[in-house]
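**Student:** A predicted structure for the sequence below; I have some questions about it.
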Number of protein chains: 2
Amino acid sequence: MRRASGAAELQSRAVTLPFGVGAFGWDGVAATAYKQSHGAGRGMGWRGVSRHPLAAPPGAAFELRYFEIAPGGYSSLERHRHVHVVVAVRGRGRALVGRAVVELAPLDVVQTPPFAPHRWVNDGEEPFGFLCTVDARRDRPQPLSDAEWEALAADPRTAPFVH
Amino acid sequence: MRRASGAAELQSRAVTLPFGVGAFGWDGVAATAYKQSHGAGRGMGWRGVSRHPLAAPPGAAFELRYFEIAPGGYSSLERHRHVHVVVAVRGRGRALVGRAVVELAPLDVVQTPPFAPHRWVNDGEEPFGFLCTVDARRDRPQPLSDAEWEALAADPRTAPFVH
């Protein structure tokens, strides 16, 4: 039995995204290309990355996305003021964050601090997927400086991420 | 070989939280009580909930927490202006969100809209855990209005969440 008085005050919408049955994805969420326009800057190349927008609630200061990188794929090598908070949820991968190389397995959490160069890489044989939260209002990614690029290219640990 | 010139420009910190080996948790993250002071308001009771702060990056507009609810446990029944974006990651659970009852399995995503009454419940036999992102600046939870409470208590689907 509906009671109009109380019901009128209740927010009735639970915004739900059921996780897919049989496929790794969310009902009603279309995966898009990683970047519509990634520019021609140094390091801006990427391969095999899909972007799944999961939540951008009106009035909230953040957005949640899921990114998936196919085997052999990688995101662009970039820097920006806004931070990423990443939680790995599928497969395994690696990341360059600043001067560090980070291994990622499910539920590992990684933050990219302001202006830290970063690139996500899947050199395994299964898809690598992670949740990524960012500020809704954020600056655009930019290429690395000459000094950053040269320092990372000169270090044998980080050189494989610099291309 | 370190190159001081480039290195000085590089942000060197990757803030990492490796997910635990053997235990469900993160190295260096201490679980705390769900709420230090939950007040005496109607519905503010809770049971078996732990809170794991995962990320509150300086300068970012959001925070990421992990909550885990033991079998038989439940969070407080509350409302507030700020939204939650929840991603289930461990076990199964249920939620009251507004007037809806939502079933949650791993990687299901649920948003609680502004002022929607909500409560997370674990009536299963395994721990139920979820990631929850919120605005860093947010209002305090408040009890339901009389009309909300009565409407939810009068509906047999939602009545089990109202106590």
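**Tutor:** All right, it came through fine. Numbers count the residues shown, from 1 in each chain, chains lettered A, B, ... in the order given.
**Student:** average pLDDT for the longest strand anywhere in chain A?
**Tutor:** Ranked by residue count and defined by DSSP state E, the top strand of chain A is strand A:62-74. The average pLDDT within strand A:62-74 is 97.
**Student:** Dump it to CSV, keeping only the CA atoms.
**Tutor:** Listed next in CSV are the C-alpha coordinates belonging to strand A:62-74 (Å, rounded to 0.1, in the frame of the first residue of the first chain):
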residue,chain,number,x,y,z
PHE,A,62,34.3,13.4,-8.1
GLU,A,63,33.8,10.9,-10.9
LEU,A,64,34.4,7.1,-11.0
ARG,A,65,35.6,5.4,-14.2
TYR,A,66,36.8,1.8,-15.0
PHE,A,67,39.7,1.4,-17.4
GLU,A,68,40.7,-1.8,-19.0
ILE,A,69,43.9,-2.4,-20.8
ALA,A,70,44.2,-5.3,-23.2
PRO,A,71,47.4,-7.5,-23.2
GLY,A,72,50.2,-5.5,-24.8
GLY,A,73,48.3,-2.3,-24.2
TYR,A,74,49.3,0.9,-22.4
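**Student:** can you tell me if it touches chain B.
**Tutor:** Yes. Strand A:62-74 reaches chain B (CB under 8 Å from any CB of the partner chain) through A:62, A:64. Heads up, the C-betas are built off the backbone N, CA and C, glycines and all.
**Student:** Give me the angle between that strand and strand B:62-74.
**Tutor:** Between strand A:62-74 and strand B:62-74, the angle comes out at 100 degrees (axes from the mean of the first three to the mean of the last three CA atoms, to 10 degrees).
**Student:** biggest helix in chain A by residues?
**Tutor:** Ranked by residue count and defined by DSSP state H, the top helix of chain A is helix A:146-154.
**Student:** got the buried residues for that helix?
**Tutor:** Buried residues in helix A:146-154, counting neighbours by 16 or more other CB atoms under 10 Å in any protein chain shown, are found at A:148-149, A:151-153.
**Student:** For the longest strand of chain A, name the packing helices and strands.
**Tutor:** Applying 3 or more CB pairs under 8 Å, 6 or more residues apart in numbering or on different chains; DSSP states H and E, one finds that strand A:62-74 contacts strand A:47-55, strand A:118-121, strand A:128-135, strand B:84-90, strand B:128-135.
**Student:** buried set for stretch A:84-92?
**Tutor:** By 16+ other CB under 10 Å, the buried positions in stretch A:84-92 come out as A:84-92.
**Student:** before we move on, the earlier item: give me the subset of the buried residues of helix A:146-154 touching chain B.
**Tutor:** Among those, chain B is touched by A:148-149, A:151-152 when using CB under 8 Å from any CB.
**Student:** list the contacts for the residue nearest in space to the middle of chain A?
**Tutor:** Nearest to the geometric centre of chain A sits residue A:132, at 4.3 Å (CA atoms, centre = their mean). Contact analysis of residue A:132 by CB atoms under 8 Å, 6 or more residues apart in numbering or on different chains lists A:64-67, A:84-86.
**Student:** Hmm, residue A:94 and residue A:102 touching each other?
**Tutor:** Yes. Under the criterion of CB atoms under 8 Å, residue A:102 makes contact with residue A:94 at 6.7 Å.
**Student:** Which one's more surrounded, these two?
**Tutor:** Using other CB atoms under 10 Å in any protein chain shown, the more surrounded residue of residue A:102 and residue A:94 is residue A:102, with 21 against 18.
**Student:** Number of residues surrounding the spatially closest residue to that one that is not a sequence neighbour?
**Tutor:** Distances taken as CB to CB, 6 or more residues apart in numbering or on different chains put residue A:95 closest to residue A:102, at 4.7 Å, once the chain neighbours are dropped. The tally of other residues near residue A:95 (other CB under 10 Å) stands at 26.
**Student:** Which neighbours in the sheet does the one helix or strand residue A:95 maps to have, and how are they oriented?
**Tutor:** Assigned by DSSP states H and E, residue A:95 belongs to strand A:93-97. The pairing partners recorded for strand A:93-97 under DSSP bridges are strand A:100-104 (antiparallel), strand A:118-121 (antiparallel).
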